[in-house]
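In: need a 3D model of the sequence below.
(2 chains)
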There are 2 protein chains.
Amino acid sequence: MKRLILASASPRRAQLLRQIGQPFEIVKSDYPEPPLSDEKMVEAIALAKARSVQKRYPGDLILGADTIVVRGTKILGKPRSEAEAAAMLQSLSGQSHRVLTSIALLQGNRSLTAKEETRVWMRSFTGTEIHAYIATGEPLDKAGSYGIQGQGAVFVERIEGCYFNVVGLPLARLALMFCELGWPLWHKGGD
Amino acid sequence: MKRLILASASPRRAQLLRQIGQPFEIVKSDYPEPPLSDEKMVEAIALAKARSVQKRYPGDLILGADTIVVRGTKILGKPRSEAEAAAMLQSLSGQSHRVLTSIALLQGNRSLTAKEETRVWMRSFTGTEIHAYIATGEPLDKAGSYGIQGQGAVFVERIEGCYFNVVGLPLARLALMFCELGWPLWHKGGD
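Out: Just a heads-up that it's a prediction; the model follows:
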């Protein structure tokens, strides 16, 4: 019996798969993620993560993903310090930015990849708010220094595109890819 | 010490307040909600819910809210049967619709109200998918017969506007209203 394997250590991606009732297992990819300098690389990285896990589990369905935050042409990774988080948040205040997630789904010698983009508009916020937000600890392990699914939600005025793509997996797109591979989307007992 | 009181029995609204770290208590409004025939009423209903709770807790900050789903000019309420849920979902397939949430925030003799609209695009889906979704039990207590924060996510291709407005509270807008009333947005120990 084939399993769905999520090739990602992100607790947010695991939560999204649980949300749509998919049974799965997590196997962290050992792909050494390079610092990203070109947004075109996001698709290759999702694929590489999935491939590295497929080597160990060739009979299963493997899902790899990569998410980046882009402000103008600048890719915003995870902040390395509170000062860097504050600078990133300052640059997002009152502006729009893009969130790109790429996913790769591998089954034997079949591979599907997709890239989805969502535009995010943040309201203007003050330095005081930025420091209060950083004090919650939430920004420090997040690309772009915010979590839309956490307290960072209070900054996000509107989006255009898939919300779940911003969290880490474009769910409607993923559902279509499951269908294309004949993988069951609906299971009994999902939560 | 004033408390924030959520005048709504919706577990999804309570979850959104927890997401942004707001301490609060729930007091269900005893306002007898009329069947909604005019989308202009959504603001009045949010206000009436909050007022009915304010009578009992005049010293606290009261939050009322109401959410409706509108397809064309037709308001989609909670389905009264599986057949009605199937018909509603069929009417949403491959189309866009609007979700309107109105919120009212009352503090003594001050009252703030706001209405936020989000447009939601669903992919096309089959009758088989509709029946599989209804079998999960999720559609039956939801306006419009779907939950974007649940398995219904797999139908939602894109949105324009505030995502949390679709779930039940426009969080960025609510944050600004808290600020306007001098209510602290950031608390220690939020989750």
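In: in chain A, where's the longest helix?
Out: helix A:41-54 (DSSP state H).
In: spell out the secondary structure type for A:Gln149.
Out: Under DSSP: H, G, I helix; E, B strand; the rest coil, the three-state class of A:Gln149 is coil.
In: excluding chain neighbours, give the residue nearest to it in space.
Out: A:Val167 (5.1 Å; CB to CB, 6 or more residues apart in numbering or on different chains). Any C-beta I mention is one placed from the backbone N, CA and C, and that applies to glycine too.
In: count the neighbours of the one you found for me.
Out: 24 (other CB atoms under 10 Å in any protein chain shown).
In: the most centrally placed residue in chain A and A:Ala44, how far apart?
Out: The centroid of chain A falls nearest to A:Gly168 when counting by CA atoms, centre = their mean (2.3 Å). As judged by CB to CB, to the nearest Å, A:Gly168 and A:Ala44 stand 18 Å apart.
In: please apply the same query to A:Gly182.
Out: Going from A:Gly182 to A:Ala44 by CB to CB gives 26 Å.
In: spell out which parts of chain A neighbour chain B.
Out: Counting by CB under 8 Å from any CB of the partner chain, chain A comes close to chain B at A:16, A:19-21, A:118, A:123, A:129, A:132-133, A:135-136, A:148-151, A:153-164, A:171-176, A:185-186, A:188, A:190.
In: out of those, list just those in strands.
Out: Taking DSSP state E, the ones among the residues of chain A next to chain B that sit in strands are A:Thr118, A:Val156, A:Glu157, A:Arg158, A:Ile159, A:Glu160, A:Gly161.
In: report the contact partners of the fifth one.
Out: Applying CB atoms under 8 Å, 6 or more residues apart in numbering or on different chains, one finds that A:Ile159 lies in contact with A:Thr118, A:Arg119, A:Val120, A:Trp121, A:Val166, B:Ile159, B:Glu160, B:Gly161, B:Cys162, B:Tyr163.
In: any quick ChimeraX command for the buried ones out of those?
Out: Selection of buried members from the contacts of A:Ile159 for ChimeraX, criterion 16 or more other CB atoms under 10 Å in any protein chain shown:
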select /A:118,120,121,166 /B:159,160,161,162,163
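In: okay if I get the contacts of A:Ile159 as CSV plus distance to B:Leu105?
Out: Output for the contacts of A:Ile159, formatted as CSV (distance: CB to CB, whole Å):
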residue, distance to B:Leu105
A:Thr118, 29
A:Arg119, 29
A:Val120, 25
A:Trp121, 23
A:Val166, 27
B:Ile159, 24
B:Glu160, 25
B:Gly161, 20
B:Cys162, 16
B:Tyr163, 20
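In: from the contacts of A:Ile159, pick the one nearest A:Ala7.
Out: A:Val166 (20.1 Å; CB to CB).
In: surely that closest one and A:Val99 touch.
Out: Yes. A:Val166 is in contact with A:Val99 according to CB atoms under 8 Å; the separation is 4.6 Å.
In: the host helix or strand of A:Gly64 pairs with which strands?
Out: Element membership for A:Gly64 (DSSP states H and E) is strand A:61-71. Sheet pairing of strand A:61-71 (DSSP bridges) gives strand A:4-6 (parallel), strand A:74-76 (antiparallel), strand A:96-107 (antiparallel).
In: of these, which shows the lowest average pLDDT?
Out: Note on these: lowest mean pLDDT is at strand A:74-76, with a mean of 94.
In: helix or strand right after that strand?
Out: Tracing the chain past strand A:74-76, the next element assigned as helix or strand by DSSP H and E is helix A:82-92.
In: elements contacting that following helix?
Out: Packing contacts for helix A:82-92, counted by 3 or more CB pairs under 8 Å, 6 or more residues apart in numbering or on different chains; DSSP states H and E, involve helix A:127-135.
In: between helix A:82-92 and the helix it packs on, find me the angle.
Out: 130 degrees (axes from the mean of the first three to the mean of the last three CA atoms, to 10 degrees).
In: can you give me the buried ones in helix A:127-135?
Out: Residues A:Glu129, A:Ile130, A:Ala132, A:Tyr133, A:Ile134 are the ones in helix A:127-135 that count as buried (16+ other CB under 10 Å).
In: by contact count, what packs against it?
Out: Judged by 3+ CB pairs under 8 Å, 6+ apart, the packing partners of helix A:127-135 are helix A:82-92.
In: how far off strand A:156-161 does the helix it packs on point, in degrees?
Out: Using the same axes, to 10 degrees, the inter-axis angle of helix A:82-92 relative to strand A:156-161 is 70 degrees.
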